[in-house]
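>>> Generate a structure from the sequence data that follows.
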Amino acid sequence: MLREALPQVKGTLPGPNAKKILEKRAQVMPGAIKSIYPLVIKRGEGAMFEDVDGNIFLDWVGGVGVLNIGYSHPQLVEAVQAQAEKYFHSMMNITTHEGYIKLADKMNKIVPVKGGKKKTMFANSGAEADENAVKIARSYTGRPNIMVFSGAFHGRTQLTMTMTAKKAYAIGMGPFPDGIYRAEFPNMYRTPDPAMSEKEALAYYVGQIEKAFIEAAPADSFAAIVFEPVQGEGGFVPAPIEWVKAVREICDKHGILMVTDEVQTGWARSGRMFASTYYKEEGCPPDIMTTAKSIAGGLPLSAVTARAEIMDGVTGGTIGGTYNGNALSTASALALIDVMIKEDYPAKALAISEKCNKKFSTWKNKYKVIGDVRGTGAMMGIEFVSDKKTKKPDADIVNKIVAEAWTQGLVLESAGTYGNVIRFLCPLCVTDKQLDAGLKIFEAAIAKYAKTPAKKKAK
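This is a model prediction of the structure:
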């Protein structure tokens, strides 16, 4: 059974069947839509997938955070099949369908945004959700400007490309929309001065927001401050809770909306259903939260949730869209929420995190090439460096490790501003044996390319 299988690679990759399909891909698809691996999936179950040549892979990327519940969960499959027999689509601007209403109601109950009564709208992708959050914030506040951060990734639409820090995603795409300003995100591994204490570093990063009000645009011109609780493309850098508290205070002081982009951190990945739950527990919840990726187990869907006062303050006709809240996607999302609550997926994330963090921390002490291990819950990153003192990024070894691991049946992916972080986004339904197999392959790849192990400390 594929759901319980372990990685198994039969021969040279890609195999003959995959080669044919990949050749066709090159003929019919734009080369700008890049593929990291020459892999062609045939079927998937749980944390595993089989390619068209019969090779079996353990997936630690999960569609970049889309498959927290794994491939082909039976309850989701059943829910989608049942809905498909009724109708595929009903546009909410024309005909109301109950799935949208039921899902919005559930979201309003579980999403940890500030306020009592909440409302939710749906879109199709993370970028759409983030763009709609900006539109909602601007419409509600009547203000034009948005603050984002270094290391941020918010999407590939024209607006979200502007919000995204890494401009490799926006080459030749200008001119860009106005009103987007950037401050420095609190990367506690790469503080501006290595001698800084944690308290000094946090004060510096909070000061960068205040500095933007002086040098970029006045505080009272900002509609929202938008950030990821754990930066994805930025290198899996978590936002320190004390910094989040400070952002909440700044927003409250100046009438700015705090927006958390949980496109990747949402749906049990963090050890809570949403990372913003940690903020609510600490008294600093967001005003608006966006989510996507794992929301529907692989079907296109995203959501924006805010208190009713904010949502009701949006100009009519400025939000919504043809496929938003599609009937098949909402059916899958309703089933996903049911499964994640009943089977306590946040607890699964914490158990995986505990096991992996112990192993990753051991590697950090063992190998000179590992500079930092970080994350929240089962959203973890390992940063590779050529020198631990200078923290010089080493993207080359990351590329080698990723390439080596997939030949042994483990699919990894890099991240980070410098491409020197390996991300962990394994489906949370992974078995203990599969996780152990993945850790073994991963360390073997590190050991192969780590030139010298770190010296053992004297007893």
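>>> distance of V339 from E4?
Per Cβ to Cβ, to the nearest Å, V339 is found 18 Å from E4. Just so you know, the C-beta spots here come from the backbone N, C-alpha and C atoms, and that holds for glycine as well.
>>> Tell me which of those two has more neighbours.
Per other Cβ atoms under 10 Å, whichever of V339 and E4 has more neighbours is V339, with 18 against 11.
>>> Looks to me like V148 is in a helix.
No. Counting by DSSP: H, G, I helix; E, B strand; the rest coil, V148 is not part of a helix but strand.
>>> Show me what it is bridged to.
Taking DSSP bridges as the rule, V148 bridges to R182.
>>> burial of it, as a residue count?
27.
>>> check contacts around the most centrally placed residue in the chain.
Most central in the chain under Cα atoms, centre = their mean is Q264, positioned 2.1 Å from the mean C-alpha point. If you count contacts by Cβ atoms under 8 Å, 6 or more residues apart in numbering, Q264 has them with V64, G65, G126, E228, V230, G232, K293, M379, L425.
>>> Am I right that it is in a helix?
No. Q264: not assigned to a helix; according to three-state DSSP it is coil.
>>> what are the phi and psi values for it?
phi -100, psi -30 (degrees, to the nearest 10).
>>> With V373 instead?
According to degrees, to the nearest 10, V373 has phi -130, psi 130.
>>> So what's the residue count around the closest residue to it other than its chain neighbours?
Residue nearest to V373 in three dimensions, not counting chain neighbours: F360, with 4.4 Å by Cβ to Cβ, 6 or more residues apart in numbering. Number of residues near F360 (other Cβ under 10 Å) recorded here: 23.
>>> do the same with the one 4 residues further on
The local packing count at K364 equals 18, with neighbours defined by other Cβ under 10 Å.
>>> got a list of contacts for the host helix or strand of it?
Using DSSP states H and E, K364 maps to helix 345-366. Outside helix 345-366, the residues that touch it by Cβ under 8 Å, 6+ apart are 68-69, 267-273, 339-340, 370-373, 375, 377-378, 380, 382, 424, 426, 428-430, 435, 439, 443, 446, 453-454.
>>> Would you mark the buried spots in stretch 363-379?
Neighbour counts using 16 or more other Cβ atoms under 10 Å place 363-364, 366-379 of stretch 363-379 among the buried residues.
>>> do the same with stretch 332-352
332-337, 339-340, 345-346, 348-352.
>>> Can you tell me which of the residues you listed is closest to G320?
Using Cβ to Cβ, A333 is the member of the buried residues of stretch 332-352 that lies nearest G320, at 17.8 Å.
>>> Mind checking the pLDDT average for the helix or strand hosting the closest one?
In the assignment (DSSP H and E), A333 maps to helix 327-342. For helix 327-342, mean pLDDT is 98.
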